[in-house]
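Engineer: okay, predicted coordinates and the sequence, questions at the end:
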Amino acid sequence: MTRRRILIINDKKGFTLTEIIVVIVVVGLLGALAIAKYVSFALNAEHASVDSVIGSLRSALNLYSAQQIVNMQPITAHNPFDDLSVKPPNYAGAFADVDLSNCPAGDWAFQSGDPGLNGNWAVVCYRPNATLAQTFGWGGVQWIILVVDPVQDANGVTVGLSLDYYQPAQW
């Protein structure tokens with residue numbers, strides 16, 4: 001008499017509900033970490049971009065001042081974007097009064113000043129995409145404001161231009 005072996009094959013196919021829940025939780029956690037990292041990278045990238053443009057504007061003002069001195073011409077406060085050979089792609093333009101309608105988030109603008117609106121306040125403006133820890137607020141929106149100021153020697157003669165924060169910006 002021969003004995004037959006009977007193989008029992010486990011016919012389970014698919015995943016259990018517990019396995020699916022574990023996979024969903026792990027994927028969700030990884031997604032949350034990725035989003036947090038992306039937001040951090042985006043903030044760091046915007047900060048670096050803003051610092052780069054400010055550095056370019058300061059350099060351009062220094063070159064302009066040196067050129068004016070060499071040519072024995074007066075140094076006057078003006079739109080520093082005009083001194084750049086290539087303007088940033090997110091430069092909205094120069095306006096008598098910069099506001100939400102002409103400077104969207106992530107853009108630069110120059111406010112030439114309108115005595116009736118802003119007391120002839122000529123400034124460089126940047127409207128950040130990110131929420132900053134500290135900066136100038138106007139109209140419920142954060143702005144980075146930089147003032148083009150004359151630098152004078154002991155005799156009161158303008159020898160250069162500076163680009164200084166109106167109010168410190170903290171990222």
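Structural biologist: Arrived safely. Predicted model, so just to flag it, every value in this text is computed and none were measured.
Engineer: that's a helix at residue 61, yeah?
Structural biologist: Yes. The assignment for residue 61 (DSSP: H, G, I helix; E, B strand; the rest coil) places it in a helix.
Engineer: so how many other residues sit close to it?
Structural biologist: 21 (other Cβ atoms under 10 Å). For every residue, glycine as well, the C-beta is placed using N, CA and C.
Engineer: now for it: which residues touch it?
Structural biologist: Residue 61 makes contacts with 80, 83, 148, 160-163, as judged by Cβ atoms under 8 Å, 6 or more residues apart in numbering.
Engineer: what segments of the protein are strands?
Structural biologist: Residue ranges of the strands in the chain, as given by DSSP state E, are 91-95, 108-111, 123-126, 136-138, 141-152, 158-165.
Engineer: between the contacts of residue 61, which is closest to residue 60?
Structural biologist: Of all the contacts of residue 61, residue 60 sits closest to residue 83, with 3.6 Å by Cβ to Cβ.
Engineer: just to check, that closest one is in contact with residue 65?
Structural biologist: No. Between residue 83 and residue 65 there is no contact under Cβ atoms under 8 Å: 9.7 Å.
Engineer: ok so, going back, can you select the buried ones from the contacts of residue 61 in PyMOL?
Structural biologist: Burial among the contacts of residue 61 is assessed by 16 or more other Cβ atoms under 10 Å; the matching PyMOL selection reads:
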select buried, resi 80+83+148+160+161+163
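Engineer: adding pLDDT and distance to residue 126 as columns, could you present the contacts of residue 61 in a markdown table?
Structural biologist: Output for the contacts of residue 61, formatted as a markdown table (pLDDT from 0 to 100; distance: Cβ to Cβ, whole Å):
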| residue | pLDDT | distance to residue 126 |
| --- | --- | --- |
| 80 | 96 | 13 |
| 83 | 95 | 17 |
| 148 | 92 | 14 |
| 160 | 95 | 22 |
| 161 | 94 | 18 |
| 162 | 94 | 17 |
| 163 | 95 | 12 |
